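J.: Following is a predicted model, sequence given first.
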Amino acid sequence: MLEIKDLNVSYGMVNALKGIDLKVNDGEIVTIIGANGAGKSTTLMTISGILKPKKGYIKFDDVDITKKPAQNIVDMGICQVPEGRRIFANMTVMENLEMGAYLRKDKTVKNDMEKVFHLFPRLKERHKQIAGTLSGGEQQMLAIGRALMSKPKVLLLDEPSMGLAPIVVQDIFKTIKGINEDGTTILLVEQNAKMALSIADRAYVLETGNISLEGAASVLKDDERVKKSYLGG
Ligand code: ATP
């Protein structure tokens, strides 16, 4: 579904990605784990079309999207939930969700909002609340819910666990698994390797712009190098 080949991305003199290859198959949860600054967010932003690579390509369902504008990429069915959530803080929960469906031409928006409320009952209870006053976990739920309103084929999630209490993280990850079981393919970037490997089918380890390891999540979870560097020994 997504195929990345020899991707090189730089910020001026800083080479953030040094030729990575990565694949996401239809229906999978794939995770990219790695330390701060490894290039995880850069990878997602390049898939989304926000950053343009120096070299390499990205294909989505065999179509080269490397040079397409970000908006076209969303229209094709790739939607990113950015790090730090970036919801519309002054709008209500419902207005935020409506914004997620803004570019859709079909008329099933109401129905899809009900689906989001079913996934996140907490958002339903708070549908009139100003989004900026939600808790961190609720804002993360809203950011994911808003992305789902665009009916993506692939959801790109950038560190959904960031800044959240362990119990809330568990909740969010359970929901991510559920979204995948309902048919959405997921590429998940995480520093919380333990949680990410627990729900993913396959994983890539990114180290300063290179993929150092890849494989089935169940295998990498027991890999000594992964244990030592990313799972706290
Ligand atoms: P984190 O988990 O801390 O967000 P990350 O794995 O997502 O890390 P990136 O944000 O992709 O890492 O950053 C990769 C490298 O690119 C880092 O060395 C970072 O300093 C650099 N970088 C990122 N954004 C910029 C920018 N706008 N200008 C210059 N360098 C940048």
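T.: Done, it's in.
J.: who's in contact with stretch 155-163?
T.: Residues outside stretch 155-163 that contact it (CB atoms under 8 Å, 6 or more residues apart in numbering) are 40-41, 44, 47-48, 78-84, 136, 140, 144, 147-148, 169, 172-173, 176, 179, 184-192, 195. From N, CA and C alone the C-beta is placed, and that goes for glycine too.
J.: Check the offset of it from the chain's centre.
T.: 6 Å (CA atoms, centre = their mean, to the nearest Å).
J.: Stretch 41-59 too?
T.: From the chain centre to the centre of stretch 41-59 is a distance of 14 Å (CA atoms, centre = their mean).
J.: tell me the mean pLDDT for it?
T.: Averaged across stretch 41-59, pLDDT comes to 97.
J.: One more: stretch 221-231?
T.: Mean pLDDT, stretch 221-231: 91.
J.: If you count neighbours, what's buried in that stretch?
T.: Within stretch 221-231, the residues that count as buried by 16 or more other CB atoms under 10 Å are 221, 223, 226, 229, 230.
J.: Among these, name the ones in helices.
T.: 226, 229, 230 (DSSP state H).
J.: what helices or strands is the longest helix belonging to the chain leaning on?
T.: Identified as the longest helix of the chain according to DSSP H is helix 166-181. In terms of contacts (3 or more CB pairs under 8 Å, 6 or more residues apart in numbering; DSSP states H and E), helix 166-181 is packed against strand 29-33, helix 109-119, helix 136-148, strand 185-190, helix 193-199.
J.: how about a cut-off of 7 Å?
T.: The contact analysis (3 or more CB pairs under 7 Å, 6 or more residues apart in numbering; DSSP states H and E) places helix 166-181 against helix 136-148, strand 185-190, helix 193-199.
J.: Extract the CA atoms of that helix and return them as CSV.
T.: Taking Å, rounded to 0.1, in the frame of the first residue of the first chain, the C-alpha atoms of helix 166-181 are listed here in CSV:
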residue,chain,number,x,y,z
PRO,A,166,0.2,5.1,31.4
ILE,A,167,-3.5,4.3,31.9
VAL,A,168,-4.6,6.8,29.3
VAL,A,169,-1.9,5.5,26.9
GLN,A,170,-3.3,2.0,27.3
ASP,A,171,-6.7,3.3,26.5
ILE,A,172,-5.5,5.1,23.4
PHE,A,173,-3.6,2.1,22.1
LYS,A,174,-6.5,-0.2,22.6
THR,A,175,-8.6,2.2,20.4
ILE,A,176,-5.8,2.4,17.8
LYS,A,177,-5.9,-1.4,17.6
GLY,A,178,-9.7,-1.2,17.2
ILE,A,179,-9.5,1.4,14.4
ASN,A,180,-7.1,-1.0,12.6
GLU,A,181,-9.5,-3.9,13.1
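J.: Report the angle between that helix and strand 29-33.
T.: Angle of helix 166-181 versus strand 29-33, following axes from the mean of the first three to the mean of the last three CA atoms, to 10 degrees, is 140 degrees.
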